[in-house]
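[1] here's my sequence, what's the structure:
(chains A and B)
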There are 2 protein chains.
Amino acid sequence: MLAAGGEFAYIDWLRRQTPADPRVLIGPGDDTAAVRWPGGGTCLVTTDMLLEGSCFRLAEAGARRVGRKAMAVNLSDIAAMAGRPIAAVVSVGLPRQAGRALAEELYLGLRDVADQFDTALVGGDTNSWDGPLVVAVTVLGEPTGRGPVRRGGAQPGDWLLVTGGLGGSIRGKHLDFTPRVREAQQLHALVELHAMIDISDGLARDLHHICVESGCGAVLEAEAIPIAAAVGQLANGRSPLDHALSDGEDFELVFAVSPTDGQRLLATQPVPGIQLTRIGECVAEGFWLEQGGQRRPLTPAGYEHPLA
Amino acid sequence: MLAAGGEFAYIDWLRRQTPADPRVLIGPGDDTAAVRWPGGGTCLVTTDMLLEGSCFRLAEAGARRVGRKAMAVNLSDIAAMAGRPIAAVVSVGLPRQAGRALAEELYLGLRDVADQFDTALVGGDTNSWDGPLVVAVTVLGEPTGRGPVRRGGAQPGDWLLVTGGLGGSIRGKHLDFTPRVREAQQLHALVELHAMIDISDGLARDLHHICVESGCGAVLEAEAIPIAAAVGQLANGRSPLDHALSDGEDFELVFAVSPTDGQRLLATQPVPGIQLTRIGECVAEGFWLEQGGQRRPLTPAGYEHPLA
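    Numbers count the residues shown, from 1 in each chain, chains lettered A, B, ... in the order given. The predicted model follows:
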């Protein structure tokens, strides 16, 4: 299902173009980059752009929710590294006729979520143009505890856990989700997270990134995958499991831990209000779905921006 | 000429909305923000978005030059603080039919300028959509020498100096300019820069920002303003002086220094290949143009993105 020459092929190309740099601890290809900051410390940095008509419908969502989502998707990337957000900047392209009211609503939405996660909105760039609404947010953060949790540290035998339920985010969660910033820090303080990613393109696709970066495989247990209640509200002929595997924008976290740590997390369920679920484990190779006692190859299907 | 409810009125509103935060050394309303970095040091951060049809014509400019400009406008903001750029991230919205070739050319342009200024391109977000090309770059940097040079430190009596020549950037410089990163650091090391800004919206408008932030006025000497050769290639009935005062996107620096330091800079011309020119001085109040021995009020006219 990976479109030839699509977004991920382009990212692979980018990574090959990127020279080694002693200042850069983590370059393109993880949830955030990490830069060794002069004077001390590490700077996590991530950027995400939302485009009207592609990532949201302005008339449906309203500008305030678009602002919230624009901030939240970036905070979700900081969460995926178990980082602590510090500051954000925002570049906006406003439809020329929409004017000041839209700009203010959008800003208030950005601030809603930034304030909730103690992130200072420190600057930006405001433009108007003849095109639709575009919002690009960049968030800076710092690593916590054992340092940034990357995609590449999973090992065969690791358990795979996920926060919350999956699928059906189109029913509203894709706009109104809570980035798992606090949950990630809490987990990171409790156990050694071997690898982690936020689910933006669908469980299968995002877990596949962990496998590729870690040089291992994975087997998902179909009956174990927690399906969000919103999936039941969709009637489109696709199975609930398919939704949970391939719907994008859940913005939950999937992570790999040792079986011992996994057992401990499941037994104690330490994150208030968020169910942790074991959905499978890492294996030496292959990408599998186990269902009714049978193992069959899984396609890393999910959402990818096509680049023709 | 300031459109009611335009970009700058919106920025004023934003600034009033922004709560004080001990982590934030410089918030919205300067060329970059500055964040106290945990672990040590200061992080300068700036973002600028380029929108097809508004900031460039893709068919004319080509994707590589658009990439160069997108990086350069951000580096110009780092220059305006006399900062040193360190890292950049890029969010892109690509026209769906344009595909991989456009994405690669754009990236190579970004890298051309990033490499030239030792700035690591550490990550980004690539999207395709049904709209035109949008590129949002965020650059992180660190202050140099005496710290970030702000807009607000000019004093009555200060001399106003400018790098290079002004006006007519539409003839090509608006795409191919060199951000004055090295020049700013060099000046910052030599003298105490009281206030500085890069000329993105036109000399009059950008100098007016310095006056407002510094709580002083300024008088510009018409005969002293260095007019770029490109102005001579324009035949549109506007005077060369008008072009130099109000054309945007020169990306030169205008700065305020003590008369002693100003004399020293003019006598030594310490910046290789760049002429420094005294264009006027700061006064207690008012915003003036002196021409033929007569002083008349100057309008801070230049480019502003209208917000209806």
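[2] beta partners of residue A:85?
    Taking DSSP bridges as the rule, residue A:85 bridges to residue A:141.
[3] that one: neighbour count?
    Applying other Cβ atoms under 10 Å in any protein chain shown, we find 25 other residues in the vicinity of residue A:85. For glycine as for every other residue, the C-beta is placed from the backbone atoms N, C-alpha and C.
[4] quick one, grab the pLDDT at it.
    Residue A:85 carries a pLDDT score of 98 in this model.
[5] that one reaches residue A:141, doesn't it?
    Yes: at 4.4 Å, residue A:85 counts as touching residue A:141 under the criterion of Cβ atoms under 8 Å.
[6] could you name every residue contacting both of these two?
    Common contact partners of residue A:85 and residue A:141 (Cβ atoms under 8 Å, 6 or more residues apart in numbering or on different chains): residue A:78.
[7] what mean pLDDT does stretch A:113-120 get?
    Here the average pLDDT along stretch A:113-120 is 98.
[8] near chain B at all, it?
    Yes: for a cut-off given as Cβ under 8 Å from any Cβ of the partner chain, stretch A:113-120 has contacts with chain B, namely residue A:120.
[9] could I get the buried residue list for that stretch?
    Neighbour-count burial for stretch A:113-120 flags A:113, A:114, A:116, A:117, A:119, A:120 (criterion: 16 or more other Cβ atoms under 10 Å in any protein chain shown).
[10] what's the closest of these to chain B?
    Checking the buried residues of stretch A:113-120 against chain B by Cβ to the nearest Cβ gives residue A:120 as the nearest, at 4.6 Å.
[11] list the contacts of the closest one.
    The contact partners of residue A:120, by Cβ under 8 Å, 6+ apart, come to A:86, A:87, A:88, A:114, B:21, B:23, B:24, B:27, B:35.
[12] what do you get for residue A:109?
    A:63, A:64, A:65, A:66, A:67, A:68, A:69, A:70, A:71.
[13] neighbour count, pLDDT and secondary structure added to the residues you listed, as JSON lines?
    Listed next are those as JSON lines, based on neighbours: other Cβ atoms under 10 Å in any protein chain shown; pLDDT from 0 to 100; DSSP: H, G, I helix; E, B strand; the rest coil:
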{"residue": "A:63", "neighbour count": "22", "pLDDT": "97", "secondary structure": "helix"}
{"residue": "A:64", "neighbour count": "18", "pLDDT": "98", "secondary structure": "helix"}
{"residue": "A:65", "neighbour count": "20", "pLDDT": "97", "secondary structure": "helix"}
{"residue": "A:66", "neighbour count": "25", "pLDDT": "98", "secondary structure": "helix"}
{"residue": "A:67", "neighbour count": "29", "pLDDT": "98", "secondary structure": "helix"}
{"residue": "A:68", "neighbour count": "24", "pLDDT": "98", "secondary structure": "helix"}
{"residue": "A:69", "neighbour count": "26", "pLDDT": "98", "secondary structure": "helix"}
{"residue": "A:70", "neighbour count": "26", "pLDDT": "98", "secondary structure": "helix"}
{"residue": "A:71", "neighbour count": "30", "pLDDT": "98", "secondary structure": "helix"}
